[in-house]
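Trainee: The sequence and its predicted three-dimensional model are supplied below.
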Amino acid sequence: MHAVKKENVIEVTSRGGKEGMISFKGFNRDELDMMEGAMLGGHVWVRRDSNGRLEHAPAYKPLPDPVQDETMQPFWTPSAPEGASVQYELFDHVDELGAQRYRHSSPSITIQHICGYGYTPDNYRRETEQLVRFGFECLRSPRDYSGQYHELWFLSGLWRARGELREYIYDNLDNPKNMFINCPKMLESALRFLQRNCRFGTLDISVQRMAMVIKD
């Protein structure tokens, strides 16, 4: 069995007494993330292997890849055959004066970093409950070994708005029945409402630029 250099080994020291203590030294960045995830969230099982480095195994069954998740298949449509027609421009995004417009479209809204710099568990719960009430869906990435994940709050279209957000949008329209003509005003109202009522780090607007053509 070959000897392992001390500088390449994770050192573990402990001390007993009334308040026992155990300490670790020599983690690299990835190993430190794994150890924190194991201790603070129980996301992985860890031990020191025969080479003196951190060995780990997931504590929870990993989520399936979306493409391999059988329960998702009814919601997927097969890819279009090669040469299928595609509609590139769904709307005129610049008017005669050069001003940006979102005509004949329904922009989607994505919010990230709930609470910005004012995060507390209570603030987060209050903000997320409010976004659900407004029609937003929560999209999360898988957790990494540290237990961290990336979270988005997504409103796929202004037509998906619910609750007070929907009321505010439609209360400010002259002709609520014609949604596409009113889209610029609807978006302006939605942004004004969210800016005044929600706390977030960033808000992004996405406008559809390419889509599959549905044949008659």
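Mentor: That came through fine.
Trainee: D49 reaches E55, doesn't it?
Mentor: Yes: with contact defined as C-beta atoms under 8 Å, D49 counts as touching E55 (4.0 Å). No exception for glycine: its C-beta is placed from N, CA and C like everyone else's.
Trainee: Compare the two and say which is more crowded by neighbours.
Mentor: It is E55, of D49 and E55, that has more neighbours when counted by other C-beta atoms under 10 Å, with 14 against 11.
Trainee: Which elements pack onto the host helix or strand of the more buried one?
Mentor: Assigned by DSSP states H and E, E55 falls within strand 54-58. Contact here means 3 or more C-beta pairs under 8 Å, 6 or more residues apart in numbering; DSSP states H and E; on that basis strand 54-58 packs against helix 29-41, strand 44-48.
Trainee: Report the inter-axis angle for the last one versus strand 54-58.
Mentor: Angle of strand 44-48 versus strand 54-58, following axes from the mean of the first three to the mean of the last three C-alpha atoms, to 10 degrees, is 160 degrees.
Trainee: Just the endpoints, please. Distance across stretch 42-55?
Mentor: End-to-end distance for stretch 42-55, by C-alpha to C-alpha, to the nearest Å: 15 Å.
Trainee: Residues in contact with that stretch: which ones?
Mentor: Residues from elsewhere that reach stretch 42-55 (C-beta atoms under 8 Å, 6 or more residues apart in numbering): 4, 8-10, 12, 27, 31, 34-35, 37-38, 56-60, 143, 145-147.
Trainee: what comes up buried for it?
Mentor: The neighbour-count check on stretch 42-55 (16 or more other C-beta atoms under 10 Å) flags H43, V44, V46, G52, L54 as buried.
Trainee: Mean confidence (pLDDT) on that stretch, please.
Mentor: Per-residue pLDDT over stretch 42-55 has a mean of 88.
Trainee: can you give me the helices for this structure?
Mentor: Assigned by DSSP state H, the helices in the chain fall at 29-41, 121-134, 163-171, 183-197.
Trainee: Remind me what the second one packs against, helices and strands.
Mentor: Identification of packing neighbours for helix 121-134 by 3+ C-beta pairs under 8 Å, 6+ apart yields strand 108-114, strand 137-140, strand 151-155, helix 163-171.
Trainee: tell me which helix or strand of this structure sits lowest on mean pLDDT?
Mentor: Every helix and strand of the chain was ranked by mean pLDDT, DSSP states H and E. The lowest is strand 86-87, at a mean of 46.
Trainee: what sits against the closest residue to L165 other than its chain neighbours?
Mentor: Sequence neighbours aside, F134 is the residue nearest to L165 in space, at 4.0 Å (criterion: C-beta to C-beta, 6 or more residues apart in numbering). F134 sits next to L155, A161, R162, G163, E164, L165, R166, L194 when contact means C-beta under 8 Å, 6+ apart.
Trainee: Is the first one in contact with S108, as I believe?
Mentor: I take that to be L155. Yes: counting by C-beta under 8 Å, L155 does reach S108; the two are 6.2 Å apart.
Trainee: So for these two, which sits in the more crowded spot?
Mentor: The neighbour comparison of L155 against S108 (other C-beta under 10 Å) goes to L155, with 23 against 16.
Trainee: contacting residues around that one?
Mentor: S108, I109, T110, F134, G135, F136, E137, A161.
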